[in-house]
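[1] From the sequence below, what's the structure:
(2 chains)
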Amino acid sequence: MALRIFNTLAGRKEVFKPTREGKVGLYVCGITAYDVCHVGHARSAVVFDVMARYLRYLGYDLTFVKNFTDVEDKIINKAKAEHTDIFEISDRYIKAHDEDMAALGIAKPTVTPRATEHIDGMIELIEKLLAKGLAYVVDGDVFFSVERFKDYGKLSGRSLEDMLAGARVDVNEKKQNPLDFALWKASKEGEPWWESPWGHGRPGWHIECSVMSQKFLGETFDIHGGGEDLIFPHHENEIAQSEGATGKPMAHYWLHNGFVKINNEKMSKSLGNVCTISEMLKNYHAEVIRLFMLQSHYRSPVDFSDKSLSEARTGMGRFYTTLKAMKDFLVSCEAHAEITADMLSEKHRNVFEQLEALPVKFVEAMDDDFNTARGIGHIFDGVRLINAYMAESRCFPKAETCFVLRFSWKKIRELGMVLGLFMEDPDVYFKQDNDREARKRGINIAEIEHLIKQRREARWAKDWGRADEIRQRLAEKGVVLKDTPTETTWKIV
RNA sequence: GGCGGCAUAGCCAAGUGGCUAAGGCGACGGUCUGCAAAACCGUUAUUCUCCGGUUCGAAUCCGGAUGCCGCCUCCA
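    As a prediction, this is how the structure comes out:
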């Protein structure tokens, strides 16, 4: 089976064929650096992070470019309001972005260029478009003429007539056609500017992506991605600029991720329900957020709520409970000699083979347009299999069991690597989880531990009434105890 | 007004022509346990919003209805 991906350009799934054997060029539109990132950015980042990881897992030599827009109206306005320049603003939010992404476990793209580093390239590209008659200059502004680019509308699936019928375009008498868009804008008083053949000015919004993708990935590259809202006008305009200038396809596959809703409402500043990544990370482990997102298909909308995130947390707890049990089991394995797969007896071999098949099933799911939800379903199956296997062989750690569990651990981590999950040490995960939940709910950890100590004494005295009373008291706070032969551990449900 | 998407169990969510409609959360019953927890086993959609059609066969394709959502203006 080969990787198939849903191409917005074609409107259907297509078999993925890289332009150059073994290599993939991926360009994703990054943020405009004028504010902190929210969960919508997080989703896009997680989705394309997983795609990038998966392409590498398949063995492709990937070049992943994700840009920053660091000159734009909103940045200029914010700089004015704070009596500073745009670079201070964009630097601040790029730094915040990088911290958020690192906290979410997003692997760094290969290149993260900034628009203002490529002004020369933009001017060159605009001159090329002017020379080809696809653009025109009016009073220091340069516009792209959509009528002169025959494929305009091919990505978003609309015709010029359709769009004009909508007629919700701002009136600008400089434009020959209301849908023409700015490649270069003459700078107004007090705005940042760069020298250009058309006077002092600054780039339009779309040109940077055409230039930077060309520079780092070439005139034609493999995959271009972004949020679904970018299909029109941003990506449509990128295609017009790039393909207008080169006469070659810009990207073969266009991928768009679905939106995030909050409590079933569109997230927007006007509704006041924008949830930032840093707020989200205070309440949930990064992997919980990732699991939540990856349990839906990347093109569907997802609905963020405390309920949905809590469910994801429970699911994540299930994974780590198994990983913890495996880890504890494997500690007792040190005394056992290494064996090989062909030495396994039938029962053990059966489990081994099912785990061996897990990556195959996972790849089959991921090959179908990055179906992470199905892939995760397979991992849950694997976890149940491992749990059953451990329950059965719990008391008898033998060389065979150790071999199979070591192998299982490797397989689970291998798939986790693709999804950016299961990267924590299980003990660290649960410790962090308890601390976070205790803080969220105002539970005093010292008090819990004190009560557990009292209960231990009651249990030694076989005072079950007192022991159960303490258990009950803690349960009311959401603290659940687990007695093991050696100790009592707790967690918050 | 134009373009597009979605509708699957109590909830979330895979599945896009044919063998038993994944998986998670929840609930219930059982095993285990001093009691619990975790884990395991079992049960939880004869049916995929509704109405027509195509087909030997449809959740899956086509037409229509209803409902929800997105884009067309900055937006991941």
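[2] Number of residues surrounding A:Lys132?
    The tally of other residues near A:Lys132 (other CB atoms under 10 Å) stands at 13. The way it works is simple: take the backbone N, C-alpha and C, and place the C-beta from them, glycine included.
[3] ugh, wrong one, A:Leu104
    Applying other CB under 10 Å, we find 22 residues neighbouring A:Leu104.
[4] Give the closest residue to it in space, chain neighbours not counted.
    Spatially, and ignoring its direct neighbours in sequence, A:Leu104 is nearest to A:Ala286 (4.9 Å; CB to CB, 6 or more residues apart in numbering).
[5] so the one you found makes contact with A:Met101?
    No - using CB atoms under 8 Å, A:Ala286 is not in contact with A:Met101; the gap is 10.2 Å.
[6] Against A:Val28, how distant is whatever residue of chain A ends up closest to RNA strand B?
    Nearest residue of chain A to RNA strand B: A:Gly227, at 1.9 Å (CB to the nearest atom of the strand). A:Gly227 sits 10 Å away from A:Val28, taking CB to CB, to the nearest Å as the criterion.
[7] shared neighbours, the two?
    Counting by CB atoms under 8 Å, 6 or more residues apart in numbering, the shared contacts of A:Gly227 and A:Val28 are A:Ser44.
[8] Wait, a strand at A:His256?
    Yes - per DSSP: H, G, I helix; E, B strand; the rest coil, A:His256 lies within a strand segment.
[9] Model confidence for the spatially closest residue to it that is not a sequence neighbour, exactly?
    Leaving aside its chain neighbours, A:His256 sits nearest to A:Glu228 (4.2 Å; criterion: CB to CB, 6+ apart). At A:Glu228, the model reports a pLDDT of 92.
[10] host element of A:Glu287?
    Using DSSP states H and E, A:Glu287 sits within helix A:286-294.
[11] Check which element follows that helix along the chain.
    Note on helix A:286-294: by DSSP H and E, the next helix or strand toward the C-terminus is strand A:302-304.
[12] Now do the same contact list for the residue nearest to A:Leu104.
    So A:Ala286 contacts A:Ala103, A:Leu104, A:Gly105 (CB under 8 Å, 6+ apart).
[13] can you put those in a markdown table and add pLDDT, distance to RNA strand B and secondary structure?
    A markdown table is the format used below for the contacts of A:Ala286 (pLDDT from 0 to 100; distance: CB to the nearest atom of the strand, whole Å; DSSP: H, G, I helix; E, B strand; the rest coil):
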| residue | pLDDT | distance to RNA strand B | secondary structure |
| --- | --- | --- | --- |
| A:Ala103 | 97 | 17 | helix |
| A:Leu104 | 97 | 13 | coil |
| A:Gly105 | 97 | 18 | coil |
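[14] More neighbours: A:Gly227 and A:Val28, which one.
    For A:Gly227 versus A:Val28, neighbours defined as other CB under 10 Å are more numerous around A:Val28 (26 against 19).
[15] From A:Ser156, how far out is the more buried one?
    For A:Val28, the distance to A:Ser156 - CB to CB - is 18 Å.
[16] Where does pLDDT dip in chain A?
    Applying pLDDT under 70 to chain A flags the ranges A:1, A:165-171, A:394-397.
[17] Spell out which residues make up each domain of it.
    Domain assignment for chain A by automatic domain parsing gives A:4-283, A:316-425, A:443-492.
[18] Quick check: chain neighbours aside, which residue is closest to A:Gln295?
    Leaving aside its sequence neighbours, A:Gln295 sits nearest to A:Ala373 (CB to CB, 6+ apart; 5.3 Å).
[19] how many other residues sit next to the one you found?
    Neighbour number of A:Ala373 under other CB under 10 Å is 14.
[20] Please find the angle between the direction vectors of the helix or strand hosting it and helix A:286-294.
    Assessed by DSSP H and E, A:Ala373 sits inside helix A:372-393. Counting by axes from the mean of the first three to the mean of the last three CA atoms, to 10 degrees, helix A:372-393 lies at 120 degrees to helix A:286-294.
[21] coming back round to it: can you tell me which of the contacts of A:Ala286 is nearest A:Val65?
    The nearest member of the contacts of A:Ala286 to A:Val65, counting by CB to CB, is A:Leu104 at 19.0 Å.
[22] The closest one contacts A:Arg290, correct?
    Yes - taking contacts as CB under 8 Å, A:Leu104 lies within contact range of A:Arg290: 7.0 Å.
[23] about what we covered before: contacts only, for the residue nearest to A:Gln295.
    A:Leu294, A:Gln295, A:Ser296, A:His297 are the contacts of A:Ala373 under CB under 8 Å, 6+ apart.
[24] Of the residues you listed - the most surrounded one?
    Among these, the one with the most neighbours (other CB under 10 Å) is A:Leu294, at 25 neighbours.
[25] Leaving out chain neighbours, which residue sits closest to it?
    Spatial nearest neighbour of A:Leu294, chain neighbours left out: A:Thr372 (4.1 Å); criterion: CB to CB, 6+ apart.
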